[in-house]
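> just need the structure, nothing else, for what follows:
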Amino acid sequence: MAHLTYRPDIDGLRAIAVAIVVFFHVGLGCPGGFVGVDVFFVISGFLITSIIVRDISDGCFSLATFWDRRIRRIVPPLFVVTVSTLVVGWLILLPTDMQDLSRSALSQVMMGANIYFWKTTGYFGGAADQKPLLHMWSLAVEEQFYLFFPLCLVVMKRIAIRRQIMVLGCAAVVSFGISSVSVLDHPAATFYLLPTRMWELLLGTLLALTVSSSWPSRKVGEICGWTGLLMIMGSSFCYSTRTVFPGIAAMIPCVGTAMVISAGNSGQASISRFLSWKPLVFIGLISYSLYLWHWPVLVFAKYWVFSDLSLIGKFAIVAGSVMVAYSSWRFVESPFRGVGWKLPVPSAVVFGGAAGALLVIGFFAQGLSLPDMQPLMTPAVVQFSAALNTDALFVDNEIVDVRSGNLRRLGSVGRGGTDLLVWGDSHAMAALPVVDKLCVEYGASGLAVTHGDTAPLENFVWQSPFSLGESSPAFADAVIEMVKERQIQWVLLIGRWSQYRSMSTNHQTIGKFHTCLQVTLQRLHRSGAQVAIMLEVPRQEHVVPKWLARESLLNRRVDQLGVSVEQYQRDFAEINAEISRIAHGQALVFDPLPYFRNEDDLCVATRNGFSLYHDDNHLTVQGALELKPLLQPLFDRLKSSPPNTIVNKLKQSP
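Predicted coordinates:
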């Protein structure tokens, strides 16, 4: 094990890691730049272990001193960034987004940000670029590691280094094995949680315990160092968000990082001299602050600018983040760490101050999330429209729910039979309020079978992170069997049809859209049910509640927010015509366009100042209720015609 001295080349390596992360997030190349976080994990494991082992060897190690250093390093800039993010969020975020920000800040206070984002990852968990504190997950992983790892080294200090290496090596192998297996079935948990990331930190630990001060030959060290850097950069350019990660794929950047650190240990390798270049070292010195600041800056910019950022805008965000990060490093981070000029703060004050800072964040986050604390500049109509964006109706049913009858009930629950089944994806979930209201008014009994990103079609499989995937045919079969067994009169199909037709055209599904729709209609008819299809609602250009909020704050008209009918026709004319052709004589087709179209040929996104959309394509409760006149004819038919005569009327319809 080498004696620990300042390594400017490691700061240079930090600079590369933070650069590829920032470029990845901003969209300046580096499609796999997320591997920069893995580089940080290996570096952290190496440095922390080197410091602890050195202090244990010198007989001066104490847990209090270790955590004092970690607090001085982590908490001051973290406090400033978090409080600043909460304040800006309070000013510009919608109430629902502010509540999410507050919850993430509270989880961060308890060192559980990674657990929070793991739990909230999902179809309606919100887009990643709408979560200003999402990047804190990696900090939580390191904090959790720092809690128990020093204790492990203290317990093992009496045994030989060789045995320590064996124990930690076994732990790393187990963690890597779990990560490699679980990433296939539980990708979110594998990405966010410590047990599946710990091997990366332990790789740095093992490097600190085994690395020697010199290589057998300088040539070997040179090859090792530059190969390692190539592995890091290659991963950042060759990987993408579609890469199965972390798992085995994380080995390349992590091992590459270990090779670079090892090659530069003697300080003589050319890779070490390259990474010690002053501009790189400077970025490395501010890398922690840059990592903390760049993400909320980017999120708030994208939150308020609905179009894609221009190239100039992207570089402006990078430049602005660097300037803010430098100020943070110079005036917040450095004084507490004792770099340049030092604040003479005793350890007791450090611990008390850290606890107080975290409590301040907690109370601040909780207070700003309260409805009465929304800023006065937020119009009441915006707050009300945001309140309509409830996720309560967005429930994913599984096959077991269909077979057991554990489904959402609509209308007259007390009735014995079932008049109507709503079957569809998240668009069907969004439409349930109006169906429920009509069921109540007409005294009908209904059920809802829904699953996000899963088409209500027979033998149609589309792979997405939120769909049923290969289980879709079995799910559809269970639904149709239920229709037959319960003698359900009507089935209303609602879906994001353009999405499934597009994927089918691109050969990314099993079964073509038009064939699957034909088969579905035929099977439902053979099961004794009649079918209605609701076409897709207009898709807006922006997330409507945010759009409405921005225009309201700028005192602009909100009654003209929407997409043109011309654009709607370009997007949906083909799919609507295909559905209508297939459904002719077999199903009723309901077109929602007239209920969104205004006299200026706009598909409006708001009405009376309220948002009709949850995002850019899912209706709010208010938006769903706008469709009441559209679906009333279905209920008129349902109540006026016995089941056996409905099919004849449909066949006679023009």
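
> how about L588, phi and psi?
phi -80, psi 140 (degrees, to the nearest 10).

> what about the nearest residue to it once chain neighbours are set aside, how many residues close to it?
With CB to CB, 6 or more residues apart in numbering as the criterion, L588 has its nearest non-adjacent residue at 4.2 Å, and that residue is A532. C-beta: built from backbone N, CA, C; applies to glycine. When neighbours are counted by other CB atoms under 10 Å, A532 registers 22.

> and A532, what element?
strand 530-534 (DSSP states H and E).

> contacts for that strand?
Contacts of strand 530-534 with the rest of the structure, by CB atoms under 8 Å, 6 or more residues apart in numbering, involve 431, 489-494, 521, 524-525, 579, 583, 586-590, 592, 627, 630-631, 634, 643, 646-647, 650.

> which members of those residues are positioned in strands?
W490, V491, L492, L493, I494, A587, L588, V589, F590 (DSSP state E).

> any chance of those residues in a markdown table, plus pLDDT and distance to V37?
What follows is these, written out as a markdown table (pLDDT from 0 to 100; distance: CB to CB, whole Å):
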| residue | pLDDT | distance to V37 |
| --- | --- | --- |
| W490 | 94 | 51 |
| V491 | 95 | 47 |
| L492 | 96 | 45 |
| L493 | 97 | 43 |
| I494 | 96 | 40 |
| A587 | 93 | 50 |
| L588 | 94 | 52 |
| V589 | 95 | 49 |
| F590 | 96 | 48 |
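
> could I get the contacting residues of I48?
I48 touches Y146, F149, G204, T205, counting by CB under 8 Å, 6+ apart.

> before we move on, back to that, and the contacts of strand 530-534, which are buried?
When the contacts of strand 530-534 are checked for burial by 16 or more other CB atoms under 10 Å, the buried set is 431, 489-494, 521, 524-525, 579, 583, 586-590, 592, 627, 630-631, 634, 646-647, 650.

> right, and the helix or strand after the strand holding A532?
Following strand 530-534 in sequence, per DSSP H and E, is helix 544-553.

> same for that next one, what does it pack against?
helix 380-387, strand 610-611 (3 or more CB pairs under 8 Å, 6 or more residues apart in numbering; DSSP states H and E).

> hang on, the earlier thing: out of the ones in strands among the contacts of strand 530-534, which one sits closest to I10?
Within the ones in strands among the contacts of strand 530-534, proximity to I10 (CB to CB) peaks at I494, which comes in at 55.7 Å.

> bridged to that closest one, which residues?
Counting by DSSP bridges, I494 forms beta bridges with G424, M534.

> how close does it get to I161?
64 Å (CB to CB, to the nearest Å).

> follow-up on the earlier one: return the subset of the contacts of I48 lying in helices.
Filtering the contacts of I48 for membership in helices, criterion DSSP state H, returns Y146, F149, G204, T205.

> domain parsing for this structure?
8-373, 399-537+566-591+621-652 (automatic domain parsing).

> D615: which of these is closest?
domain 8-373 (8.7 Å).

> same question for that closest one, mean pLDDT?
If you average the pLDDT over domain 8-373, you get 88.

> what of stretch 565-576?
Mean predicted confidence for stretch 565-576 is 92.

> how about D396: what's its closest non-neighbour residue?
D396 sits nearest to H451 (CB to CB, 6+ apart), 4.8 Å away.

> give the contact list for that neighbour.
D396, N397, E398, D425, S467, L468, F475.

> again, only using 6 Å
D396, N397, L468 (CB atoms under 6 Å, 6 or more residues apart in numbering).

> among those, which lie within strands?
No part of the contacts of H451 ends up in strands, with DSSP E as the criterion.

> pull out the buried members of these.
D396, N397, L468.

> ok, the last one to P456 distance?
Looking back up the chat, that one is L468. Distance, L468 to P456, by CB to CB: 11 Å.

> how about T257: what's its closest non-neighbour residue?
V42 (4.2 Å).

> just give me the neighbour total for that neighbour.
Neighbours of V42 under the rule other CB under 10 Å: 28.

> what's the longest helix in this structure?
Counting by DSSP H, the longest helix found in the chain is helix 63-92.

> right, and the helix or strand after it?
helix 95-109.

> understood, closing this out.
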